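Asks: sequence unavailable; structure follows:
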């Protein structure tokens, strides 16, 4: 007669209540947070990212301290009228593309000419009625600027702030770090 089955001992250890609660609640929460972080990092690295405005270069459109979301230029077709974030010689600022490849731009007495055709008169938005000759300042009068392949001419909305193509000429595609996708309303 075999009595081995009478005293059957279950050798598996019972899991403690803490281990069960850990697996049931903590692990899923950690996974959700990790996935959310990874998704957010991926979107910010590959698609768009926020930038706080620290200049008054786009005064009528954006105020200093506001936040905009930029899409990387490789994902967006850049065209005339787009507001872009430029990094040039250690400076970062926003400006609007006014001309693309192969166009000739000149500013004469605060008026913008593209391919010798008047496009916009900035004298109405300028806070200063004085018109400076190009020998004193490039603010109100410039020579002809010709854009080459992959080059853009960009101007600020704040006419008195000349951190734009009036000072530095054309900007390359590589200097444009993003196109304004939308701005965060305060």
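Replies: Nice, thanks for sending it over. Predicted model, so just to flag it, every value in this text is computed and none were measured.

Asks: could you use CA atoms for every contact and neighbour count after this?
Replies: OK.

Asks: following the lowest-mean-pLDDT helix or strand in the chain, which helix or strand shows up next?
Replies: Counting by mean pLDDT, DSSP states H and E, the chain has its least confident helix or strand at helix 17-21, which shows a mean of 76. Next in sequence after helix 17-21, counting helices and strands by DSSP states H and E, comes helix 27-46.

Asks: buried residues, that following helix. List them.
Replies: By neighbour count with 16 or more other C-alpha atoms under 10 Å, helix 27-46 contains the buried residues residue 44.

Asks: what's the first helix or strand after that helix?
Replies: strand 48-52.

Asks: low-confidence stretches in the protein?
Replies: Low-confidence segments of the chain (pLDDT under 70): 1-15, 57, 59-60, 183-186.

Asks: okay, now residue 16: neighbour count?
Replies: 8 (other C-alpha atoms under 10 Å).

Asks: when you give positions from now on, start the count at 59
Replies: With 59 as the first residue, the last one maps to residue 74.

Asks: where's it relative to residue 81, distance?
Replies: Between residue 74 and residue 81 the computed distance is 11 Å (C-alpha to C-alpha, to the nearest Å).

Asks: next one: residue 126
Replies: Applying C-alpha to C-alpha to residue 126 and residue 81 gives a distance of 41 Å.

Asks: so between these two, which is more surrounded?
Replies: residue 126 (20 against 11).

Asks: by contact count, what packs against the helix or strand where the more buried one lies?
Replies: Taking DSSP H and E as the criterion, residue 126 maps to strand 125-129. Of the remaining helices and strands, those touching strand 125-129 by 3 or more C-alpha pairs under 8 Å, 6 or more residues apart in numbering; DSSP states H and E are strand 106-110, strand 234-242.

Asks: tell me which residues in the first one are buried?
Replies: By neighbour count, with 16+ other C-alpha under 10 Å as the criterion, the buried positions of strand 106-110 are 106, 107, 108, 109.

Asks: thanks a lot, catch you later.
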